[in-house]
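Novice: pasting the sequence and the predicted model now:
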Amino acid sequence: MATRIRPSSKRCAVIGGSGFLGRHLVEKLLGKGYTVSVFDIRQSYELPGVTFHQGDLCDKQALLTALQGVSLVFHCASPAPASDDKALFQRVNIQGTQTVLQECHKIYYNKDRLNSIKEMLLVLTSSASVVFEGTDIKDGREDLPYAKKPIDYYTETKIEQEKLVLKACDKENGLLTVAIRPHGIFGPRDPQLVPILVDTARRGKMKFIIGDGSNLVDFTFVDNVVHGHILAAESLRPESPICGKAYHITNDEPVRFWDFMSDILVGLGYAAPRYHLPYTLVYGLSLLLWLLSLLLRPLVAFKPTFTPMRVALAGTHHFYSCSRAKQDMGYKPVVGLKDGIRRTVESYPHLRHGA
Ligand SMILES: NC(=O)C1=CN([C@@H]2O[C@H](COP(=O)(O)OP(=O)(O)OC[C@H]3O[C@@H](n4cnc5c(N)ncnc54)[C@H](O)[C@@H]3O)[C@@H](O)[C@H]2O)C=CC1
Ligand SMILES: CC(C)=CCC[C@@H](C)[C@H]1CC[C@H]2C3=C(CC[C@]12C)[C@@]1(C)CCC(=O)C[C@@H]1CC3
């Protein structure tokens with residue numbers, strides 16, 4: 001019979017802990033004296049103080065094993081937004097999240113009183129994009145309605161996932177939940193932003209600015225996102241105002257999308273984009289390409305670089321207010337944007353021009 005592990009407030013689980021954000025979160029938690037169970041479909045590193053459980057989020061038994069002895073769960077697993085596999089998003093983000101909620105309930109109810117879990121705490125990594133429909137958002141607050149026409153399957157399922165988690169918050173039944181909505185996470189080891197940007201530059205496609213280049217966007221250094229998650233976890237108590245709510249976590253320094261991209265590109269030795277293209281033209285073309293890729297899918301598989309979502313992200317304003325997080329949990333970014341960009345650029349020597 002498996003040994004029962006007594007839960008401790010310094011033991012937690014990170015679902016998706018092998019990923020970019022997950023690993024940064026795990027490292028910070030270890031530094032704060034937590035021991036961590038990582039649950040992920042892959043194992044990408046080893047660290048003292050971390051127990052790895054390799055498995056799929058939808059596998060109840062595997063998940064239950066990983067959550068033994070834990071009363072704090074961070075859920076930051078998701079398929080990559082670049083995928084267009086609708087079934088995968090539904091399975092992982094919706095069914096997988098339902099499984100997480102069920103297993104959290106099970107841990108709470110199956111506790112023999114010796115375990116003395118007061119509450120199960122669940123911190124979900126949602127996304128500020130749950131309110132983004134492809135049009136400008138300026139200083140958006142958490143009370144903006146969810147996107148009625150989500151721009152892709154990723155966004156569609158992140159909305160459902162957040163609704164499920166917030167609705168499950170139930171003080172009477174010992175499950176406390178909160179959702180963190182980061183935006184544009186960047187930093188060392190990010191598999192998306194810098195690699196996509198550099199790849200686009202290396203293919204000679206980073207010459208153009210979509211629109212007039214004045215659109216303001218939030219980019220959030222990964223340490224700030226981690227800080228927001230840990231603050232949320234440590235503030236999550238039955239009497240706390242954060243129970244069952246969503247919180248924007250950003251760098252709180254909106255920046256022109258194209259200035260941010262140029263700073264990274266120039267920092268890595270590439271030329272900044274210079275020529276302007278009209279936004280509506282590029283967006284229209286991206287829609288056409290996307291439709292074409294769907295129609296031709298049975299014959300040829302091609303993935304357009306310029307998806308409608310990416311063009312919308314590159315050509316509109318989308319920045320969010322963090323005043324709710326500041327007020328309810330004392331959030332303040334710990335790393336400024338300039339410093340974050342410098343640290344990020346330095347962490348990618350292999351992506352420098354000519355490397
Ligand atoms: N990167 C960004 O800019 C933003 C990310 N987010 C959210 O942050 C979270 C983390 O994102 P990243 O670290 O950037 O992504 P990532 O792709 O680096 O990490 C996700 C992790 O989830 C794991 N995973 C995927 N499917 C799984 C499954 N079926 N069972 C178990 N594990 C599974 C992956 O193996 C991976 O390690 C995601 O929920 C994402 O939606 C939200 C806003 C912005
Ligand atoms: C703010 C935010 C939510 C960022 C998320 C990260 C990615 C969606 C971006 C990271 C690199 C970006 C990028 C483009 C679109 C958005 C990203 C993928 C372009 C494809 C937009 C059109 C171009 O001219 C090239 C860009 C390359 C980098």
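Specialist: That came through fine. Numbers count the residues shown, from 1 in each chain. Ligands and ions are numbered 1, 2, ... in the order given.

Novice: show me which residues of the stretch 51-200 of the chain are close to ligand 2?
Specialist: His183, Gly184, Gln192, Leu193, Ile196, Leu197, Thr200 (C-beta under 6 Å from any ligand atom). All C-beta atoms are positioned from the backbone trio N, CA, C, and that covers glycine.

Novice: which one of those sits closest to ligand 2?
Specialist: Of all these, ligand 2 sits closest to Gly184, with 2.8 Å by C-beta to the nearest ligand atom.

Novice: the closest one touches Asp218, doesn't it?
Specialist: Yes - taking contacts as C-beta atoms under 8 Å, Gly184 lies within contact range of Asp218: 5.7 Å.

Novice: what residues are shared contacts of the two?
Specialist: Thr250 (C-beta atoms under 8 Å, 6 or more residues apart in numbering).

Novice: which SS class is Val38?
Specialist: Assigned by DSSP: H, G, I helix; E, B strand; the rest coil, the conformation of Val38 is strand.

Novice: would you confirm that it contacts Phe52?
Specialist: Yes - using C-beta under 8 Å as the test, Val38 is close enough to Phe52 to be in contact (5.1 Å).

Novice: between those two, which one's more packed in?
Specialist: Shown here are Val38 and Phe52; by other C-beta atoms under 10 Å, Val38 has more neighbours (26 against 19).

Novice: wait, what's in contact with the more buried one?
Specialist: Val38 is in contact with Ala13, Val14, Gly17, Ser18, Gly22, Val26, Val50, Thr51, Phe52, His53, Ala66, counting by C-beta under 8 Å, 6+ apart.

Novice: keep only those of these that are in helices.
Specialist: Gly22, Val26, Ala66 (DSSP state H).

Novice: so for the last one, what's the pLDDT?
Specialist: The predicted local confidence for Ala66 comes out at a pLDDT of 94.

Novice: that one: neighbouring residues, count only.
Specialist: By other C-beta under 10 Å, the residues close to Ala66 number 25.

Novice: residues contacting it?
Specialist: Ala66 neighbours (C-beta under 8 Å, 6+ apart): Ala13, Ile15, Ser37, Val38, Phe39, His53, Gly55.

Novice: what does the stretch 251-355 of the chain put close to ligand 2?
Specialist: Thr305, Phe306, Arg310, Val311, Leu313, Ala314.

Novice: so Ile180 sits against Lys245, correct?
Specialist: No - using C-beta under 8 Å, Ile180 is not in contact with Lys245; the gap is 10.3 Å.

Novice: ok so, going back, so Gly184 and Asp218 - more neighbours on which side?
Specialist: Neighbours were counted for Gly184 and for Asp218 using other C-beta under 10 Å; Asp218 has more, 27 against 23.

Novice: OK, contacts around the residue of the stretch 151-300 of the chain found nearest ligand 1?
Specialist: Closest residue of the stretch 151-300 of the chain to ligand 1, C-beta to the nearest ligand atom: Ile185 (3.6 Å). The contact partners of Ile185, by C-beta under 8 Å, 6+ apart, come to Phe20, Leu21, Leu193, Phe219, Thr220, Phe221, Val222, Val225.

Novice: what are the buried residues along the helix or strand hosting Phe260?
Specialist: Here Phe260, judged by DSSP states H and E, is contained in helix 257-267. Residues of helix 257-267 classed as buried by neighbour count (16 or more other C-beta atoms under 10 Å): Phe257, Trp258, Phe260, Met261, Ser262, Asp263, Ile264, Leu265, Gly267.

Novice: same question for stretch 306-326.
Specialist: 306-322, 324-325.

Novice: farthest pair in the contacts of Val38?
Specialist: Gly22 and Thr51 (14.2 Å; C-beta to C-beta).

Novice: more neighbours, the two?
Specialist: Applying other C-beta under 10 Å to Gly22 and Thr51 shows that Gly22 carries more neighbours, namely 24 against 14.

Novice: distance check, that one against Arg274.
Specialist: 37 Å (C-beta to C-beta, to the nearest Å).

Novice: so where is the stretch 51-200 of the chain shaky, pLDDT-wise?
Specialist: 110-116 (pLDDT under 70).
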